[in-house]
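# mind looking at a prediction? Sequence and model below.
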Amino acid sequence: MQWLAEHGVVAILSAAGGPSRVDEPRWVFRAGLGPGVTTDPRQSVVAEEATAGQCVRIALPLLEEAGLQMGGTSGTFEAAGLRADCVEGIGVLVLDWLAEQGLSVFLKADGERRTPGWTLIVRDGPLLDMLRFDGPEVGRCFRRMLVDLRGQGLAVPV
């Protein structure tokens, strides 16, 4: 998602916390190209899947089909090192874990800002208050989130 934000894409990954069946969509990935993108997409991209990683994995080829180009001769996500089968990082697994604990999660990569920015919101479930984190890098938002979640007594397994 960092690459997408750096290339003018506004991408949102969100889930409403709570129990769901394994095959039931819990996560929604929505993306649209911001005004800084020179290509003209034919559509916005939406993917609904059971896990955050599945959403991103499904969305990458859809973004390419919608008109987001890498530039250069090969011009594909794979050529830029964005492989759809390599999106299950620790952060994505933590997002899934949070949703399983009954928390609602909202992660936005905002390519429309002058410097790509991030917003991470976690609420509901066992939390006393909504937590919101904004920053220039998703890693900073995640680190602050983990500290605050632990401060509210949630034993995040990372």
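Good, I have the coordinates. Everything numeric here is computed off the predicted structure, so don't read it as measured data.

# which parts of this protein are helices?
2-6, 52-65, 90-100, 138-151 (DSSP state H).

# give me the below-cutoff pLDDT ranges for the protein.
Low-confidence segments of the chain (pLDDT under 70): 18-23, 25, 33-43, 69-88, 116.

# let's go with 90 and repeat that
Within the chain, the stretches with pLDDT under 90 are 1-12, 16-26, 29-97, 99-102, 109-118, 125-126, 128-129, 135-142, 152-153, 155-158.

# just the strands from it, written as ranges.
9-15, 27-33, 45-49, 104-110, 117-123, 131-135 (DSSP state E).

# gap between the second one and the chain center?
When you say that, I think you mean strand 27-33. Distance, stretch centre to chain centre, for strand 27-33: 8 Å (Cα atoms, centre = their mean, to the nearest Å).

# repeat for the fourth one
If you compare the mean C-alpha spot of strand 104-110 with that of the full chain, they lie 6 Å apart, counting by Cα atoms, centre = their mean.

# same thing with stretch 140-155?
With Cα atoms, centre = their mean, you get 18 Å for stretch 140-155.

# what's the answer for stretch 110-125, then?
Here stretch 110-125 is found 9 Å from its chain centre; the criterion is Cα atoms, centre = their mean.

# how about the strands of the chain in CSV, adding distance to residue 142?
For the C-beta atoms, the positions are set from N, CA and C on the backbone; glycine is no exception. Formatted as CSV, the strands of the chain follow (distance: least, Cβ to Cβ, whole Å):
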stretch, distance to residue 142
strand 9-15, 13
strand 27-33, 17
strand 45-49, 21
strand 104-110, 9
strand 117-123, 7
strand 131-135, 8
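
# ranking the helices of the chain by burial, who's on top?
Across the helices of the chain, averaging neighbours per residue (mean count of other Cβ atoms under 10 Å) puts helix 52-65 on top, at a mean of 21.

# packing partners of it?
Identification of packing neighbours for helix 52-65 by 3 or more Cβ pairs under 8 Å, 6 or more residues apart in numbering; DSSP states H and E yields strand 9-15, strand 27-33, strand 45-49, helix 90-100.
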